[in-house]
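In: Quick one: sequence plus predicted model below, questions after.
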Amino acid sequence: MDKKVVIIGSGPAGLVCALSCCQNGIEPSDILIIERDSEIGGTLNQCIHSGFGKSYLDEVVTGTELASMLSDGIRQLEIEYITDSTVLSVDKQKRIRLVSPKYGYCTIKAEAIVLAMGCREKTKGALQIGGTRPAGVFSAGAVQRIVNLKGYMPGKKTVVLGSGDLAMIVARRLVLEGGEVACVCEPKEYAEGSDENIKECLEDFDIPLYYNHTVTKIFGKERIEAVEIAHLDKRGKAIKGTEQKIKCDSFVYQCGLVPENEIIKETGIRLDTRTTGAYVNQYFETNVKGIFTCGNAVRIHDIVDFIVEEAQIVGASVKRYLDKKTEKPEHTVRIKNGERILYSVPQHLDVYEEGIENSVIYFRVNGKYKNLLITIKMDGEEIYSREKGSMSWLETGKILVNEELAEKIKDAKEITICASEK
């Protein structure tokens, strides 16, 4: 089977990308979306809380509402999608091998591929907690899914490890469903999530948040019976004598997300060790021409708005590629991460005939800062400067390459993005 455009993944990145492809002139019949779950929408389907769609819809809705709106758009355009389908491999010739109830085992030859598989949670092994492996230990994402979609509770009394937004939202959800959350432990001296969620999810529900604390042991044979928490010193080591045993029948942890990149690795696409997603240019095209990626498959995002923004860029980029397949860049400008910059995406700018004006560079800093100044240097000389104010590693910053900046850097071999406090 042949298709012009195949999109792997039907979360917000995949669905918006498909709609953007159509808006840019690609026929809906030329697009195929592949989804491994039983329905399209991705993680949005389990996000019943509000806070989605502000930039895309100009209003704030729940994750499920946004998923429904995007899915309706796909159906109205009659874009083909297949669910319960597993992609086995993707190669450089843009051949996709998959297993699907509709097509069985088959190979699809595409002209362009968009990798929009999203991300996955790190496993409990990343926590290195001592003890046995009883029932009742869950990741935050798994709890959100089984409570919101399946209608089951993980337990009656829960201890939560991690203070990211997802962990706090799950803690609130458990209380709303009649459960008890004994506490939320955060190994750092600050919360990973937003101040808004600390108030609305924890303080408003009298859920205690213990900074500089972690879970050191899990007790229980068949079912979890208790956990041990301890205070941590500045080096992150448990302080002897501070251990406290808390009875509970469930333990929920959030230890971070990573891009779903197994297919990317096997395809031979270059990975960025900082984002663990693919290296891309300003069109979100990988080093394999005609294979694009967007959303959490590129980097872990703080808000869905940026996923939507990237997916719209990729929709236009796919159309551009289909029209100019044989075009090669005149020049490539490498983007280097300088002082206090955790990562930047894209990792390079490809200079074509139309230039690089209006390209967007997304970045994150490596800490929590006030009065931040963002600069771009070329050959040691500062060519761009902008006051950012307060910013943390949890937020995405972006730099729009305007006409003046594009003219300065179009012939450069490398530019460096830096951050400093005034």
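Out: It's in.

In: Contacts only, for the nearest residue to residue 162 once chain neighbours are set aside.
Out: Once flanking residues are discounted, residue 162 sits nearest to residue 254: 3.4 Å by Cβ to Cβ, 6 or more residues apart in numbering. Where C-beta positions appear, they are placed from N, C-alpha and C, glycine not excepted. Residues counted as contacts of residue 254 (Cβ atoms under 8 Å, 6 or more residues apart in numbering) are 121, 139-141, 160-162, 164, 166-167, 170.

In: so how far is residue 201 from residue 254?
Out: Distance, residue 254 to residue 201, using Cβ to Cβ, to the nearest Å: 13 Å.

In: Equivalent analysis for residue 166, please.
Out: 10 Å.

In: between the two, who's got more neighbours?
Out: With neighbours defined as other Cβ atoms under 10 Å, residue 166 and residue 201 compare such that residue 201 has more, 26 against 23.

In: Helix, strand or coil: sort out that one for me.
Out: helix (DSSP: H, G, I helix; E, B strand; the rest coil).

In: swap in residue 263?
Out: helix.

In: Kindly report the same for residue 389.
Out: Here residue 389 is recorded as strand under three-state DSSP.

In: my guess is it meets residue 371, correct?
Out: Yes - Residue 389 is within contact range of residue 371, at 6.7 Å (criterion: Cβ atoms under 8 Å).

In: Which parts of this protein are helices?
Out: Here the chain has its helices, by DSSP state H, at 12-23, 54-57, 63-76, 140-148, 165-176, 195-197, 262-267, 304-323, 403-409.

In: Residues touching the first one, excluding its own?
Out: Contacting residues not belonging to helix 12-23 are listed as 5, 7-8, 28, 31, 33, 35, 40-42, 44, 56, 66-67, 70-71, 73-74, 77, 79, 114, 116, 118, 294-297, 304, 307-308, 310-312, 314-316, 318-319 [Cβ under 8 Å, 6+ apart].

In: at 6 Å instead, please
Out: 5, 7, 28, 31, 33, 44, 70, 73-74, 77, 79, 114, 116, 294-295, 304, 307-308, 311-312, 314-315, 318 (Cβ atoms under 6 Å, 6 or more residues apart in numbering).

In: buried subset of those?
Out: Taking 16 or more other Cβ atoms under 10 Å as the criterion, what is buried in those is 5, 7, 31, 33, 44, 70, 74, 77, 79, 114, 116, 294-295, 304, 307-308, 311-312, 314-315, 318.

In: Would you enumerate the residues in contact with residue 260?
Out: By Cβ under 6 Å, 6+ apart, the contact set of residue 260 is 117-120, 297.

In: what's the lowest-pLDDT member of those?
Out: Among the contacts of residue 260, residue 120 carries the lowest pLDDT, at 89.

In: Which pLDDT value belongs to the residue nearest to it when sequence neighbours are not counted?
Out: Distances taken as Cβ to Cβ, 6+ apart put residue 260 closest to residue 120, at 5.3 Å, once the chain neighbours are dropped. Listed pLDDT for residue 260 reads 91.

In: Kindly report the same for residue 367.
Out: 88.

In: before we move on, what about residue 126?
Out: Value for residue 126, per-residue pLDDT: 61.

In: okay, the closest residue to residue 364 other than its chain neighbours: pLDDT?
Out: Excluding the flanking residues, the one nearest residue 364 by Cβ to Cβ, 6+ apart is residue 342, at 4.5 Å. Residue 342 carries a pLDDT value of 96.

In: Bridge partners for residue 226, pull those for me.
Out: residue 219, residue 247 (DSSP bridges).

In: Use 3 as the first number for this chain going forward.
Out: Will do, 3 is the new start, and the previous item becomes residue 228.

In: does it really touch residue 221, like I thought?
Out: Yes - with contact defined as Cβ atoms under 6 Å, residue 228 counts as touching residue 221 (4.4 Å).

In: shared neighbours of the two, anything?
Out: Between them, residue 228 and residue 221 share no contacting residue, judged by Cβ under 6 Å, 6+ apart.

In: From residue 149, how far off is the closest residue to residue 297 other than its chain neighbours?
Out: Distances taken as Cβ to Cβ, 6+ apart put residue 15 closest to residue 297, at 2.7 Å, once the chain neighbours are dropped. Here the criterion is Cβ to Cβ. By it, residue 15 lies 24 Å from residue 149.

In: Neighbour count: these two, which is higher?
Out: Neighbours were counted for residue 15 and for residue 149 using other Cβ under 10 Å; residue 15 has more, 29 against 21.

In: sorry, back to before: and the contacts of residue 262, which are buried?
Out: Here, 16+ other Cβ under 10 Å leaves 119-121, 299 buried among the contacts of residue 262.

In: what's the closest of these to residue 215?
Out: Distance to residue 215, by Cβ to Cβ, is smallest for residue 121 among these, at 26.3 Å.

In: give the contact list for the closest one.
Out: 259, 261-262, 298, 302.

In: Go again with 10 Å.
Out: Listed by Cβ atoms under 10 Å, 6 or more residues apart in numbering, the contact set of residue 121 reads 13, 45, 143, 258-263, 278-279, 297-303.

In: so where's this protein shaky on pLDDT?
Out: 126-129 (pLDDT under 70).

In: which residue ranges form the strands in the stretch 203-352 of the chain?
Out: 211-213, 215-222, 226-233, 246-249, 252-255, 259-261, 293-295, 333-339, 343-347, 350-353 (DSSP state E, counting those that start in this stretch).

In: Most distant residue from the centre of the chain?
Out: Centroid-distance maximum for the chain: residue 243 at 38.6 Å, with Cα atoms, centre = their mean.

In: ok so, going back, give me the common contacts of residue 256 and residue 203.
Out: Residues touching both residue 256 and residue 203 (Cβ under 10 Å, 6+ apart) are 165, 167, 169-170, 172-173, 186, 195.

In: Ends of stretch 347-354, what's the gap?
Out: Distance across stretch 347-354, first residue to last, is 18 Å (Cα to Cα, to the nearest Å).

In: How about stretch 327-346?
Out: Span of stretch 327-346 from end to end, Cα to Cα: 26 Å.

In: same thing with stretch 271-283?
Out: 13 Å.

In: And it, how far out from the chain middle?
Out: 13 Å (Cα atoms, centre = their mean, to the nearest Å).

In: Kindly report the same for stretch 159-166.
Out: With Cα atoms, centre = their mean, you get 21 Å for stretch 159-166.
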